[in-house]
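1. predicted structure and sequence below. I'll ask about it afterward.
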Amino acid sequence: MNRLIRCINCGEVFLKTPFDQWPEYEFSPDCSPEFSRSIERDDFEDFLKKHCGHRLEDLNIIEDSFVSQKAYIEPIKISYCKATNGREKFVVKKSRERIDEPLKYQLIPGDYSLKCIAIEIQSKEIAKQLEKEFEATPFPQTKIAAFLRLYRNTAETSDLRNLERVPEDSFNPLEIYYKMDEVSLFYLLRNCHNIFKGQEYLDIEEFIFRHKDDGVLLLKATYEIQIIEKGESKRKPASIPIPLEGEKVMEKK
């Protein structure tokens, strides 16, 4: 069972896991397994010796608070989670600079928030999908470009608080996909009449309804992590947190 332990005296934290006593293996220069040497380890015991006589306490990691600057499977990255001792809230920063280094943990009194810094459309993917689906009767490139400009403008003027997150996989945990809201959808369809006529309009309308919920027409929002340390004289601007799947984006405060 994993335990997050804080030294109250010096602020150092240690994550106790079942792997703390796993040995290290030192290999010969030719990497022959038969010439490997096992080195016994007990990381938790080393932590206790280093902080002998200090006051220690367990911290509870707050569920679903983990966030990373890079893909979760990326070994070299900075990630954060929230923890509490029941009285104070902390941000736990986890990082390492090289793959052969152990993970480093830093305790930051305070909290973090996630601020949306950009919302954009999937321009290349939309253009490719239009060309693929309408290969027999393609739209003129000028009309595809006009449609992308219109949709980009629609996205930029959308109210992020009204968008619903969808469970779309992303390699970047700070990139979140959202559906168009009804107001944006109406605006897009109404202005498509200025670009497409007759059958072309019927085709683009069908395309929009086909891909608005789970396809290339999803809007991509990019977030950044903002650390708010306890005791800061100037609090950083409030931001919109990433919601749980199925929830709408919370209103700015």
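-> Looks like it came in fine.

2. just for the stretch 51-200 of the chain, where's the confidence low?
-> 168-169 (pLDDT under 70).

3. check which helices and strands the host helix or strand of residue 105 is in contact with.
-> Assessed by DSSP states H and E, residue 105 sits inside strand 104-120. Applying 3 or more CB pairs under 8 Å, 6 or more residues apart in numbering; DSSP states H and E, one finds that strand 104-120 makes contact with strand 13-16, strand 78-84, strand 89-95, helix 141-156, strand 219-229. (Glycine included, C-beta is placed from N, CA and C.)

4. kindly reformat the ones you listed as JSON lines containing mean neighbour count and distance to residue 195.
-> What follows is those, written out as JSON lines (neighbours: other CB atoms under 10 Å; distance: least, CB to CB, whole Å):
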{"stretch": "strand 13-16", "mean neighbour count": "18", "distance to residue 195": "55"}
{"stretch": "strand 78-84", "mean neighbour count": "18", "distance to residue 195": "44"}
{"stretch": "strand 89-95", "mean neighbour count": "19", "distance to residue 195": "48"}
{"stretch": "helix 141-156", "mean neighbour count": "16", "distance to residue 195": "5"}
{"stretch": "strand 219-229", "mean neighbour count": "17", "distance to residue 195": "20"}
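
5. mind checking which of the ones you listed is nearest residue 64?
-> strand 78-84 (9.4 Å; CB to CB).

6. returning to what we had before: paired strands for the strand holding residue 105, with orientation please.
-> strand 89-95 (antiparallel), strand 219-229 (antiparallel) (DSSP bridges).

7. and the angle for the last one with helix 141-156?
-> Put simply, strand 219-229 runs at 30 degrees to helix 141-156, going by axes from the mean of the first three to the mean of the last three CA atoms, to 10 degrees.

8. before we move on, what about the shortest one?
-> Regarding strand 89-95 and helix 141-156, their directions subtend 140 degrees when assessed with the same axes, to 10 degrees.

9. can you list contacts of strand 89-95?
-> The contact list for strand 89-95, computed with CB atoms under 8 Å, 6 or more residues apart in numbering, reads 4, 6, 13, 59, 61-62, 77-84, 103-112, 227.

10. which residue packs closest to the most centrally placed residue in the chain, ignoring adjacent ones?
-> Taking CA atoms, centre = their mean, the centroid of the chain lies closest to residue 173, which sits 2.2 Å from it. In space, residue 173 comes closest to residue 68 once its chain neighbours are excluded; the distance is 5.0 Å by CB to CB, 6 or more residues apart in numbering.

11. against residue 139, how distant is the one you found?
-> Distance, residue 68 to residue 139, by CB to CB, to the nearest Å: 39 Å.

12. ok, these two, which is more surrounded?
-> Higher neighbour count among residue 68 and residue 139: residue 139, with 21 against 18, using other CB atoms under 10 Å.

13. picking that back up, JSON lines for the helices and strands packed on strand 104-120, including distance to residue 43?
-> Converted to JSON lines, these look like this (distance: least, CB to CB, whole Å):
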{"stretch": "strand 13-16", "distance to residue 43": "8"}
{"stretch": "strand 78-84", "distance to residue 43": "19"}
{"stretch": "strand 89-95", "distance to residue 43": "15"}
{"stretch": "helix 141-156", "distance to residue 43": "48"}
{"stretch": "strand 219-229", "distance to residue 43": "27"}
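
14. the ones you listed: which one's closest to residue 192?
-> Between residue 192 and those, the tightest spacing by CB to CB is seen for helix 141-156, at 7.1 Å.
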